[in-house]
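Engineer: This is a predicted model, with the sequence first.
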Amino acid sequence: MTTTAPSDVRPDPPHSPDTGDGSLAEFGYRQELHRSLGRYASFAAGFSFISVLTTVFQFFAFGYAFGGPVFFWAWPVVLVGQLTVAACFAELAARYPISGAIYQWSSRLSTPSFGWFAGWIMVIGQIVVVAAAALALQMVLPAIWSGFQLIGSDPAPTSPDGAANAALLGVLLLALTTFVNMVDNRVMSVINRVGVTAEIIGAVLIVVLLLTHSERTPSITFHTEGAAQNGLFGALLIGSFTAAYVMIGFDSAGEMSEETHHPRRTAPRTILTALGAAGLLGGLIVLGGLLAAPSLTDGRLGVDGLSYVLTSSLGDGVGKALLADVVVAIAVATLAIQTAACRMLFSMARDGQLPFSGRLARVSPRTGMPGAPALVVGVLAAALLLLDFASPDAFLAIGTTCIVMLYLAYAMVTGPLLLRRLRGQFSSAGRDETGARLFSLGRWGVPVNVLALLYGLLMTVNLAWPRAAVYDPAGGHWYFRWFTVLFLGATLAAGVVFRALRRRRTSVPATAVPETAAA
């Protein structure tokens, strides 16, 4: 299908707010996905991708092991940086309410080829995030019951037994989420909303209980014990991995725009509220864990993380009940991330931009879901989990690689957006479905956009830097030390090869979304 990108922003033509057909027709698409998500469901899409319980429990031990208590201060820095990115995305979600958000935004702000690579990097990154999220079960299930350690006896994800068991549990979870992503978007939405509600309640309870069981004062966060081996600045750089891993995926609310009522009004607000809520709750959980931990020096906090704090400080009964809530959060997060990846695949395939596009772009009229993308994402994510059988170092390699991929894709949106602002080609005009002005940063657009781009690029370099102490602590696995760089290089090379072969087979322009004309 050929689409047209408007040269500037203009309000929707008259349309039914329930179907949104007019909104999609402006971009040359017809409504195929079922539009059934309300404001809370849109918020849930963004919040469940971030999934503060999943990600904080998964990476708290890593952050503490390298940074000690002071790693907490990396959290507000990352939150502010990501809020600048989210503010830029909120503007774009109001103007381009289309599935495949990163791909669609970058294509319409820059060139077709550049936008294609942004979408390509993003969708591969999302598949890696799905795998990383599924691995989080290992941080929780064996702490609830030893019977969940199906392989070997050591549940630590950095051990061979723990890594292999993490892969097995992850594959089982992916089978479940793949099934749900093929059933019906209303079923998916209900599970998402219920899961997010349970996660928010659980997160608030964890914060309250940890803070009321404090063993020390917040001044502990200024202590640099444990950070000496890396220096204070190095500790903060590595410690920022935890916050960087948590605060991604807020763009999912924009990803689900074609299934959301009033997307021009709803998506911008839910992008910002999902990130803000997750950032606040996550920061309080990290602080609570540091204050309530039985010991900061016995070594367990840097290995077992928050699961150890909950069961030791709150008792087995309460601690394990809260950990069960974390399991729900992990399952819902994996489901939401897989859904976002499916919508990206669908959007690119609908424009004929992927192998087997015809099959990937097919939507079931009965379920309103693109089934083939769910299978593709599930199978590829499961294949990545097999790396955990090769080495426990794959756990961290997969986690950091997915963050780098998403950060880079984000920068491929904020960069072109900044160029358009500087050229005076980004308009704040337009009305949403209710007749109100579209979300806009106004005069703050350029400074916020500059900060968003600089933050994204610097964090990408920080995350991808091949530190031997981080990625190959035992030595002998050079490929894990360079895994992120190699994986990104392979992703770009595969994209170049595919596009070269595609150009040889057809004389059709390289993308279905033409370059936006200069205003």
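Structural biologist: Arrived safely, thanks for sending. Numbers count the residues shown, from 1 in each chain.

Engineer: Which positions in the helix or strand hosting Val404 come out as buried?
Structural biologist: Using DSSP states H and E, Val404 maps to helix 394-422. Using 16 or more other C-beta atoms under 10 Å as the test for burial, helix 394-422 gives 394-418, 420-421. Any C-beta I mention is one placed from the backbone N, CA and C, and that applies to glycine too.

Engineer: Ok, stretch 459-469 next?
Structural biologist: Using 16+ other C-beta under 10 Å as the test for burial, stretch 459-469 gives Met459, Thr460, Asn462, Leu463, Ala464, Arg467.

Engineer: Then stretch 481-493?
Structural biologist: Going by 16+ other C-beta under 10 Å, stretch 481-493 has these buried residues: Arg481, Trp482, Phe483, Thr484, Leu486, Phe487, Leu488, Thr491.

Engineer: number of nearby residues for Asn443?
Structural biologist: Just so we're on the same page, residue 443 is Arg rather than Asn. 9 (other C-beta atoms under 10 Å).

Engineer: Using the three-state scheme, assign it.
Structural biologist: Three-state assignment for Arg443 (DSSP: H, G, I helix; E, B strand; the rest coil): helix.

Engineer: can I assume Gly279 is in contact with Gln82?
Structural biologist: Yes: Gly279 lies in contact with Gln82 (C-beta atoms under 8 Å); the separation is 7.4 Å.

Engineer: So the two - more neighbours on which side?
Structural biologist: Ranked by neighbour count (other C-beta under 10 Å), Gly279 and Gln82 place Gln82 first, with 28 against 24.

Engineer: so how far is Leu287 from that one?
Structural biologist: Taking C-beta to C-beta, to the nearest Å as the measure, Gln82 falls 18 Å from Leu287.

Engineer: Can you list the low-confidence ranges for the stretch 1-150 of the chain?
Structural biologist: 1-23 (pLDDT under 70).

Engineer: if you set the cut-off to 50 instead, what comes out?
Structural biologist: 1-21 (pLDDT under 50).

Engineer: which residues in it form strands?
Structural biologist: Remark: no strands are assigned in the stretch 1-150 of the chain by DSSP state E, counting those that start in this stretch.

Engineer: in what helix or strand does the nearest residue to Ala436 once chain neighbours are set aside lie?
Structural biologist: Distance criterion C-beta to C-beta, 6 or more residues apart in numbering; nearest residue to Ala436, sequence neighbours excluded, is Arg265 at 6.9 Å. Using DSSP H and E, Arg265 maps to helix 263-292.

Engineer: CA atoms of whichever helix or strand comes after that helix as PDB?
Structural biologist: Going down the chain from helix 263-292, the next helix or strand is helix 305-313, by DSSP H and E. Provided in PDB are the C-alpha atoms of helix 305-313 (Å, rounded to 0.1, in the frame of the first residue of the first chain):
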ATOM      1  CA  GLY A 305      19.200  -8.600  44.800                       C
ATOM      2  CA  LEU A 306      15.700  -7.500  45.900                       C
ATOM      3  CA  SER A 307      14.400 -11.100  46.200                       C
ATOM      4  CA  TYR A 308      16.800 -11.500  49.100                       C
ATOM      5  CA  VAL A 309      15.700  -8.200  50.700                       C
ATOM      6  CA  LEU A 310      12.000  -9.100  50.500                       C
ATOM      7  CA  THR A 311      12.200 -12.600  52.000                       C
ATOM      8  CA  SER A 312      14.800 -11.600  54.600                       C
ATOM      9  CA  SER A 313      13.300  -8.300  55.800                       C
END
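
Engineer: Who are the packing partners of helix 305-313?
Structural biologist: Under the contact criterion of 3 or more C-beta pairs under 8 Å, 6 or more residues apart in numbering; DSSP states H and E, helix 305-313 touches helix 52-67, helix 141-144, helix 185-212, helix 263-292, helix 316-350.

Engineer: a markdown table for those, including distance to Ala101?
Structural biologist: Output for the helices and strands packed on helix 305-313, formatted as a markdown table (distance: least, C-beta to C-beta, whole Å):
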| stretch | distance to Ala101 |
| --- | --- |
| helix 52-67 | 20 |
| helix 141-144 | 33 |
| helix 185-212 | 17 |
| helix 263-292 | 9 |
| helix 316-350 | 8 |
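
Engineer: Out of these, which one sits most buried?
Structural biologist: helix 52-67 (a mean of 27; mean count of other C-beta atoms under 10 Å).

Engineer: gap between Asp154 and Gly489?
Structural biologist: In this structure, Asp154 and Gly489 are 34 Å apart, going by C-beta to C-beta.

Engineer: Also Trp120?
Structural biologist: Relative to Gly489, and taking C-beta to C-beta, Trp120 is found at 13 Å.

Engineer: do you know which of the helices and strands packed on helix 305-313 lies nearest Arg504?
Structural biologist: helix 316-350 (19.8 Å; C-beta to C-beta).

Engineer: lowest-pLDDT helix or strand in this protein?
Structural biologist: Sorting the helices and strands of the chain by mean pLDDT, DSSP states H and E puts helix 21-25 at the bottom, at a mean of 66.

Engineer: one step back: out of the helices and strands packed on helix 305-313, which comes closest to Ala372?
Structural biologist: Closest to Ala372 of these, according to C-beta to C-beta: helix 316-350, at 8.2 Å.

Engineer: got the buried residues for the helix or strand hosting Ala452?
Structural biologist: If you go by DSSP H and E, Ala452 is part of helix 445-464. Using 16+ other C-beta under 10 Å as the test for burial, helix 445-464 gives 445, 448-449, 451-453, 455-457, 459-460, 462-464.

Engineer: okay if I get these as JSON lines plus distance to Pro142 and pLDDT?
Structural biologist: Below are the buried residues of helix 445-464 laid out as JSON lines (distance: C-beta to C-beta, whole Å; pLDDT from 0 to 100):
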{"residue": "Gly445", "distance to Pro142": "48", "pLDDT": "95"}
{"residue": "Val448", "distance to Pro142": "43", "pLDDT": "97"}
{"residue": "Asn449", "distance to Pro142": "44", "pLDDT": "97"}
{"residue": "Leu451", "distance to Pro142": "41", "pLDDT": "98"}
{"residue": "Ala452", "distance to Pro142": "39", "pLDDT": "97"}
{"residue": "Leu453", "distance to Pro142": "41", "pLDDT": "97"}
{"residue": "Tyr455", "distance to Pro142": "36", "pLDDT": "96"}
{"residue": "Gly456", "distance to Pro142": "36", "pLDDT": "95"}
{"residue": "Leu457", "distance to Pro142": "38", "pLDDT": "96"}
{"residue": "Met459", "distance to Pro142": "32", "pLDDT": "94"}
{"residue": "Thr460", "distance to Pro142": "33", "pLDDT": "93"}
{"residue": "Asn462", "distance to Pro142": "31", "pLDDT": "92"}
{"residue": "Leu463", "distance to Pro142": "28", "pLDDT": "89"}
{"residue": "Ala464", "distance to Pro142": "31", "pLDDT": "89"}
